[in-house]
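K.L.:
test case, fold it:
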Amino acid sequence: MKLCKLLLPVMVLTITIVSQPAWSAANESARPNIVVILCDDLGYGDLACYGHPHIRTPNLDKLAADGIRLTSCYSAAPVCSPSRVGLMTGRSPNRAGVYDWIPEASGARLDARDQVHMRREEVTIPQLLKRAGYATCLAGKWHCNSHFNSDEQPQPGDSGFDHWFATQNNAAPSHEHPRNFVRNGKPAGDLTGYSCQLVTDEAISWLEKLNAEKPDQPFFLFTAFHEPHEPVASPSELVAKYASVASNEDEAQYFANVENVDIAVGRLLKALKRLAKLENTLIVFTSDNGPETLKRYRGAERSYGRPTPLRGMKLWTTEAGFRVAGIVSWPAQITSPEVSDQPVSSLDFLPTFCKLAKTKAPDNLKLDGTNFLPLLNGDTIQRDTPLFWCYFNALNEHRVAMRNGPWKLLARLDKGKFPKLQNVNTRNIEAVRSAKLTDFELYCVTEDIGESRNVIGEHTQEAKSLKKKLEAIYRDLAETSHHWTVTGNK
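P.N.:
Below you'll find the model as predicted:
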């Protein structure tokens, strides 16, 4: 297994092929537009270019073929709300006090989850880019607060979006004809069509208006699709295409749902090209976490996402929980098709986008991500802090995880006796801070992507060093992360 320590640089040099430098100080004068396209619960293996045998995704396949397809792309968490907060802030979502998905507030709760939101103190991508002169827009799923469209908590506009068209969580009653969208504080009412297409309509409309009024202004567009999260609903003509290969109607619905996303992406790319914006636009396509487990809860009847070849699913701290599809496109700068196994995280978006926009986060702001622009040159990304996750409500027993080079380290808390938590508050914060990391497992994920062989007993020196790093990260996180206040006798 000594090969594991040597394999990562060899893989990067072998897989990442660039015919000429894609990004350098010489071309920093042209600030690109930036588009993030985020899916909800998309499986690592759900796109044709990631190996799905049936789902047709020609637009995304071409985006990947013309850009960089990431095989080690990670979300900030294995579940939606913390993943989105991590993406927006470049910091572990725990630091912001967002530990699990955020339910819509309906009264005070014993665990204080009614209080959870991305606080005004957090510094976000749209805020930083807006200050740098970018126009900013959110179209799609928000899920960063419990009091949506309310003065009680910050809304998308407070977090830096000039224009927003969003839902608190899922499109309701389903992706078809949703009626819970809000546009800049005003309910949009009953809508006709499918969520991803409606979100794309809004994004295109905003781009067209911006181009007509301020054609030279750079922009940041965050397109956050609800698909393929439940409740899944897809156009009948797409569902019919999969009748012969799906095991049942529900699976055909799921396959069609992913293809509908691909069609929406194709429409957005076509609009960018028509507006002469595509060439100098950095596009990042990814997912908020891994795929939902079929029938895990009532209503998850169409959750046929594929984690293949990863272990686990959404809500797990094994790879399938947060290792996701990732595509980077920038026609003006990426001139050769590439596939890269370098780890890239959604935590890296903020420092990278700031570099491109010629701005920076406050000097005293602790970031957990790093600038990934060296990737565009075929160079190695410099990461001071390993990628790490701490999810107290994981379905698997190992709640803490870290990716460092080729290694993946997992740890339980208090030998598995630590209770599952959906939130951290004044009643459980001391237990979080005093918890002991135990029962470590070590995997060489560059050789063993499915985490099938625990090699901790074979690499004692590496394990010792990695344990020390993870211990330090956990202690820092537990001491500095925000926790919520439970008062009275609730």
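
K.L.:
by mean pLDDT, which helix or strand of this structure comes out lowest?
P.N.:
Sorted by mean pLDDT, DSSP states H and E, the helices and strands of the chain end with helix 3-15, the least confident at a mean of 38.

K.L.:
what's the first helix or strand after it?
P.N.:
strand 33-39 (DSSP states H and E).

K.L.:
buried set for the next helix or strand after that next one?
P.N.:
Sequence order places helix 58-66 as the next helix or strand after strand 33-39, per DSSP H and E. Using 16 or more other C-beta atoms under 10 Å as the test for burial, helix 58-66 gives N59, L60, D61, K62, L63, A64, D66. From N, CA and C alone the C-beta is placed, and that goes for glycine too.

K.L.:
look up how far L210 lies from the nearest residue in space to the first one that is not next to it in sequence.
P.N.:
Okay, so that is N59. Once flanking residues are discounted, N59 sits nearest to G266: 3.5 Å by C-beta to C-beta, 6 or more residues apart in numbering. Separation of G266 from L210 (C-beta to C-beta, to the nearest Å): 21 Å.

K.L.:
what ranges do the strands span in the stretch 201-350 of the chain?
P.N.:
219-224, 281-287, 323-329, 338-340, 344-345 (DSSP state E, counting those that start in this stretch).

K.L.:
now swap in the stretch 51-200 of the chain and tell me
P.N.:
68-74, 135-141, 163-167, 182-183, 186-187.

K.L.:
in TSV, list those strands along with distance to V239.
P.N.:
Formatted as TSV, the strands of the stretch 51-200 of the chain follow (distance: least, C-beta to C-beta, whole Å):
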stretch	distance to V239
strand 68-74	28
strand 135-141	22
strand 163-167	23
strand 182-183	29
strand 186-187	30
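
K.L.:
indicate which one of those is closest to L87.
P.N.:
L87 lies closest, by C-beta to C-beta, to one member of the strands of the stretch 51-200 of the chain: strand 68-74, at 10.9 Å.

K.L.:
and the closest one, which residues are buried?
P.N.:
Those would be I68, R69, L70, T71, S72, C73, Y74, for strand 68-74 by 16+ other C-beta under 10 Å.

K.L.:
what is it packed up against?
P.N.:
Using 3 or more C-beta pairs under 8 Å, 6 or more residues apart in numbering; DSSP states H and E, the elements in contact with strand 68-74 are strand 323-329, strand 338-340, strand 344-345.

K.L.:
how far off centre is the shortest one?
P.N.:
When C-alpha coordinates are averaged (C-alpha atoms, centre = their mean, to the nearest Å), strand 344-345 and its chain have centres 9 Å apart.

K.L.:
give me the residues contacting that strand.
P.N.:
Under the contact criterion C-beta atoms under 8 Å, 6 or more residues apart in numbering, strand 344-345 has outside partners 70, 72-76, 326, 328, 369, 372, 375, 381, 387.

K.L.:
using CSV, lay out the residues you listed together with distance to N260.
P.N.:
Listed next are the contacts of strand 344-345 as CSV, based on distance: C-beta to C-beta, whole Å:
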residue, distance to N260
L70, 23
S72, 27
C73, 22
Y74, 25
S75, 22
A76, 26
G326, 20
V328, 23
G369, 31
F372, 29
L375, 30
I381, 33
L387, 31
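
K.L.:
thinking again about what came up before, quick check: which of the helices and strands packed on strand 68-74 is buried the most?
P.N.:
strand 344-345 (a mean of 28; mean count of other C-beta atoms under 10 Å).

K.L.:
quick one, helices of the protein?
P.N.:
3-15, 58-66, 80-89, 125-131, 195-213, 236-241, 249-274, 319-322, 349-357, 429-434, 460-480 (DSSP state H).

K.L.:
separation between the closest residue to N428 other than its chain neighbours and H143?
P.N.:
Nearest non-adjacent residue to N428, counting by C-beta to C-beta, 6+ apart: L421, 6.1 Å away. For L421, the distance to H143 equals 19 Å [C-beta to C-beta].

K.L.:
go on, C354?
P.N.:
24 Å.

K.L.:
of those two, which one has the most company?
P.N.:
The residue with more neighbours, out of C354 and H143, is H143; 27 against 19, by other C-beta atoms under 10 Å.

K.L.:
tell me who's in contact with that one.
P.N.:
C80, S81, R84, W101, I102, Q168, N169.

K.L.:
try 6 Å this time
P.N.:
By C-beta atoms under 6 Å, 6 or more residues apart in numbering, H143 lies in contact with C80, S81, R84, N169.

K.L.:
tell me which two in these are the farthest apart.
P.N.:
Farthest-apart pair in the contacts of H143 is R84 and N169; separation 10.7 Å (C-beta to C-beta).

K.L.:
number of residues surrounding D379?
P.N.:
By other C-beta under 10 Å, 16 other residues sit near D379.

K.L.:
surely E441 touches L410?
P.N.:
Yes: taking C-beta atoms under 6 Å as the definition, E441 is a contact partner of L410 at 4.5 Å.

K.L.:
these two: which has the busier surroundings?
P.N.:
L410 (25 against 18).

K.L.:
could you give the bridge partners of the more buried one?
P.N.:
Counting by DSSP bridges, L410 is bridged to A401, E441.

K.L.:
re the thing from before, mind putting the contacts of H143 into TSV with distance to P218 and neighbour count?
P.N.:
Converted to TSV, these look like this (distance: C-beta to C-beta, whole Å; neighbours: other C-beta atoms under 10 Å):
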residue	distance to P218	neighbour count
C80	28	26
S81	28	26
R84	23	29
N169	30	20
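
K.L.:
tell me the one of those residues nearest A478?
P.N.:
S81 (19.7 Å).

K.L.:
contacting residues around that closest one?
P.N.:
V98, W101, I102, H143.

K.L.:
domain ranges for this structure?
P.N.:
33-377, 387-480 (automatic domain parsing).

K.L.:
straight-line length of stretch 172-184, end to end?
P.N.:
Taking C-alpha to C-alpha, to the nearest Å, stretch 172-184 runs 18 Å from one end to the other.

K.L.:
so the residue positioned nearest the centre of the chain versus R84, what's the distance?
P.N.:
With distances taken as C-alpha atoms, centre = their mean, D288 lies nearest the centre of the chain, 3.3 Å away. Taking C-beta to C-beta as the measure, D288 falls 6 Å from R84.

K.L.:
same check, this time on S247
P.N.:
Distance, S247 to R84, using C-beta to C-beta: 32 Å.

K.L.:
low-confidence ranges in the stretch 151-300 of the chain?
P.N.:
In the predicted model of the stretch 151-300 of the chain, no residue satisfies pLDDT under 70.

K.L.:
please disregard the earlier target; I meant the stretch 1-150 of the chain.
P.N.:
For the stretch 1-150 of the chain, applying pLDDT under 70 flags the ranges 1-29.

K.L.:
at 50 instead, please
P.N.:
The model of the stretch 1-150 of the chain has pLDDT under 50 over residues 1-3, 5-28.
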